[in-house]
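S.K.: Task: produce atomic coordinates for the following.
(one chain, ligands or ions: 1)
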Amino acid sequence: LSLRNSESRKTKCLNLPPGSMGWPLIGETIAFRRQHPCNSLGEYMEDRINKYGRIYKSNLFGAPTIVSADAELNRFVLMNDDRLFVPSFPKSVADILGKTSMLVLTGEMHRYMKSLAVNFMGIARLRANFLVDSERYVVQNLESWPENTPFPAKEEACKITFNLMVKNILSMNPGEEETERLRKLYMSFMKGVIALPLNIPGTAYRKAVKSRATILKVIERLMEERIQKKKEGTDSIGEADLLGFILEQSNLDAEQFGDLLLGLLFGGHETSSTAITLVLYFLHDCPKAVEQLREEHLEIVRGKKQRGVPPALTWEDYKHMEFTQCVISETLRLGNIIKFVHRKANTNVQFKGYDIPSGWSIIPIFAAAHLDPAVYDNPQKFDPWRWQTISGSTARIDNYMPFGQGLRNCAGLELAKMEIAVFLHHLALNYDWEIAEPDEPLAYAFPEFAKGLPIKARKVSFIV
Ligand code: HEM
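M.R.: Model (predicted):
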C-alpha cells in the first residue's frame, strides 16, 4: 500500500493527460477490446476522445497507459523508437514469439535481425523470386475457386500467402505432407499468440507453446539436412530460400532462425491475407473502381501481346499498375489491418505539455489519422481516386501509417503490396464476384470476418 501511495504521489506532480483508470486491475481493457467495424474507432474510443481529447490516459492490459489518437504524437513515438520508447508485449506473448524475435528485440540485435529480413525481401529477390511465385500461387488458387458456389474468401487468401512464405523460407511446396503439417502447427501457434495467456493443459496458449517447440524441432532438422547437403555438394537451393540465405549470410542458430521464421510468418501471413480479403470486400461496393482496375490490367496484357513478350508478369508490368496502387493504399487506409501498436516509455517524456512517465505504456492508434475528417475528406468512403491527388508534399502522407514508420516499420511492405497487386491483376482479368452473405470486418486489433467473407465467383475472361 505504501508503495502504491508513493507511486501516486509521484504521478500527482506530473501533468498527465485527462482520462479514467477504470476498474481495479482490468482498468478499461474490456471496453478497449470490444469489436467494432474496422473503418471506425469504435464507441469506446470515440467516447474517450470526445470527453478527454486525442491524448488520454487509461489502464489497459494491466498497465497505466497513454492512448494516442494524435497523429503528431504517433509520429513522435515511432521516430523515437529504441531511444525514448521500446516495444512492450505482455510477457506471455514475448515468451511465445521467442526471445530473439524481431518483434521483441531492441538495439543492435533488432537492427541485425531486421537487416536480414529486409535484405531477404529486397527488390532483387522480389523481382526474381517472389513475383514469379506470387503469380503461380495466385493463378493456382483462382483456378481452384468453385463456380457459383459460395466459399470463404479469407481461407483462399490464407493459402496464397502461406504457400508463398513457406516456399521462400524453406522451399516447401503446397500440398506436400510436410507443408501441411507445418501449416497446422503454425495455425495453433498463431491462435496462442492472441489467446488468453493461461499456461494450463487444454488452453490455446498451452497448445501454442507446444507447437512452437515442435516447429523449432522441425527447423533444427531441416537446418541439419541442408548443412549436410552443402557439405556433400548436393544442395541445389543455395540462397534461393531464407534457410539457405541465413546459412550463408549469418551464424544464427536453430532457435534464432526459428524466431525469425515465425516472426516472418506471423508478420506476413495473416496481414496480407486480410488485405486481400478486404480488397474484395471494398471493391464489391465500388464497381467503377473494378472497371478502371480491369482497364489498367487489360492495357498491360495488350501491351505485352503487341510487343510479343511472354505473358508472365514482370517487375516493369508491376510498376505500371498505378491505379492498382491507389486501390491498395485506400484498402489499407480504410481497413486498418494494424490498428495500433504497443510501446513503453523508456524514460520520462514530455509531449504537447503532457508527461508520459517512464515505464508507462503508450498505444499509438494508427487508425485515428486514417479516419480523421481533418486529414481525409469523407474518410468513411472507399475512394481510391483520392490517392491520385495526394502527393509526397502533403501532410497526409506523414499521417498514413498502415506499415508503421521509422526503425520498426514493416519489413515486408514491398512484398505485401506486390502480392496484393498480383492478386488484383488476375482477379480483375478473369473474375466477377459478389458477396454471398453479409459479413462485415470487425476489429479490436485486427479486422476479422466472422464468416471468412463468403463470396460467389464467376469466371469471365475479359482478355480479347
Ligand atoms: C498488408 C500487409 C501488412 C501490413 C498492414 C503490415 C503492417 C505492419 C506494421 C504496422 C508493422 C509495425 C509494427 C510496429 O511498429 O511495432 C509491421 C512490422 C513488421 N512486418 Fe508487416 N505488415 C504487412 C505485411 C508483412 C509481410 C508480407 C511481412 C513479411 C513477410 C511482414 C513482416 C513484418 C516484420 C518482420 C515486422 C517487424 C519489423 C520490426 O520489428 O522492425 N509484414 N508490419
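S.K.: and the residue in the stretch 301-450 of the chain that the ligand sits nearest to, what does it touch?
M.R.: The stretch 301-450 of the chain approaches the ligand most closely through Gly412 (2.2 Å), counting by CB to the nearest ligand atom. Just so you know, the C-beta spots here come from the backbone N, C-alpha and C atoms, and that holds for glycine as well. Going by CB atoms under 8 Å, 6 or more residues apart in numbering, Gly412 touches Ala117, Met121, Leu264, Gly267, Gly268, Ser272.
S.K.: What are the structural domain limits within this structure?
M.R.: As assigned by automatic domain parsing, the chain contains the domains 2-91+339-370, 107-334+407-459.
S.K.: Just send those back as TSV, with mean pLDDT and distance to Thr389 too.
M.R.: Below are the domains of the chain laid out as TSV (pLDDT from 0 to 100; distance: least, CB to CB, whole Å):
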stretch	mean pLDDT	distance to Thr389
domain 2-91+339-370	90	17
domain 107-334+407-459	92	10
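S.K.: can you list those in JSON lines and add distance to Leu97?
M.R.: Compiled in JSON lines, the domains of the chain are given as follows (distance: least, CB to CB, whole Å):
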{"stretch": "domain 2-91+339-370", "distance to Leu97": "7"}
{"stretch": "domain 107-334+407-459", "distance to Leu97": "7"}
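S.K.: Nearest to Pro384, out of those domains?
M.R.: Comparison of these against Pro384 by CB to CB identifies domain 107-334+407-459 as nearest, at 4.1 Å.
S.K.: what ranges do the strands span in this structure?
M.R.: For the chain, the strands defined by DSSP state E cover 36-37, 55-60, 63-68, 85-87, 151-152, 343-345, 349-351, 354-356, 361-364, 431-435, 441-443, 447-449, 454-459.
S.K.: Tabulate those strands (a markdown table), appending distance to the ligand and mean neighbour count.
M.R.: Shown next, in a markdown table, are the strands of the chain (distance: least, CB to the nearest ligand atom, whole Å; neighbours: other CB atoms under 10 Å):
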| stretch | distance to the ligand | mean neighbour count |
| --- | --- | --- |
| strand 36-37 | 18 | 15 |
| strand 55-60 | 16 | 22 |
| strand 63-68 | 13 | 24 |
| strand 85-87 | 6 | 21 |
| strand 151-152 | 19 | 18 |
| strand 343-345 | 8 | 20 |
| strand 349-351 | 17 | 17 |
| strand 354-356 | 17 | 22 |
| strand 361-364 | 8 | 24 |
| strand 431-435 | 20 | 15 |
| strand 441-443 | 12 | 21 |
| strand 447-449 | 10 | 21 |
| strand 454-459 | 19 | 17 |
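S.K.: Dump these to a markdown table, plus distance to His320.
M.R.: Listed next are the strands of the chain as a markdown table, based on distance: least, CB to CB, whole Å:
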| stretch | distance to His320 |
| --- | --- |
| strand 36-37 | 34 |
| strand 55-60 | 42 |
| strand 63-68 | 38 |
| strand 85-87 | 38 |
| strand 151-152 | 31 |
| strand 343-345 | 38 |
| strand 349-351 | 42 |
| strand 354-356 | 45 |
| strand 361-364 | 35 |
| strand 431-435 | 21 |
| strand 441-443 | 30 |
| strand 447-449 | 29 |
| strand 454-459 | 25 |
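S.K.: Nearest approach to Arg212 belongs to which of the ones you listed?
M.R.: Among those, the nearest to Arg212 by CB to CB is strand 85-87 (18.9 Å).
S.K.: Show me what the closest one is in contact with.
M.R.: 77, 103-104, 106, 341-346, 349, 362, 408.
S.K.: ok now it, how far from the chain's centre?
M.R.: Distance of strand 85-87 from the chain centroid (CA atoms, centre = their mean, to the nearest Å) equals 19 Å.
S.K.: For Arg333, which residues are in contact?
M.R.: His370, Tyr376, Tyr400, Pro402 are the contacts of Arg333 under CB under 8 Å, 6+ apart.
S.K.: now those residues: which count as buried?
M.R.: His370, Tyr376, Tyr400, Pro402 (16 or more other CB atoms under 10 Å).
S.K.: Now flag whichever of those residues is closest to Glu232.
M.R.: Of all those, Glu232 sits closest to Pro402, with 45.4 Å by CB to CB.
S.K.: hmm, back to that, among the contacts of Gly412, which are located in helices?
M.R.: Ala117, Leu264, Gly267, Gly268, Ser272 (DSSP state H).
S.K.: thought Arg183 was touching Phe162?
M.R.: Yes: using CB atoms under 8 Å, Arg183 is in contact with Phe162, at 6.0 Å.
S.K.: More neighbours: the two, which one.
M.R.: Applying other CB atoms under 10 Å to Arg183 and Phe162 shows that Phe162 carries more neighbours, namely 24 against 19.
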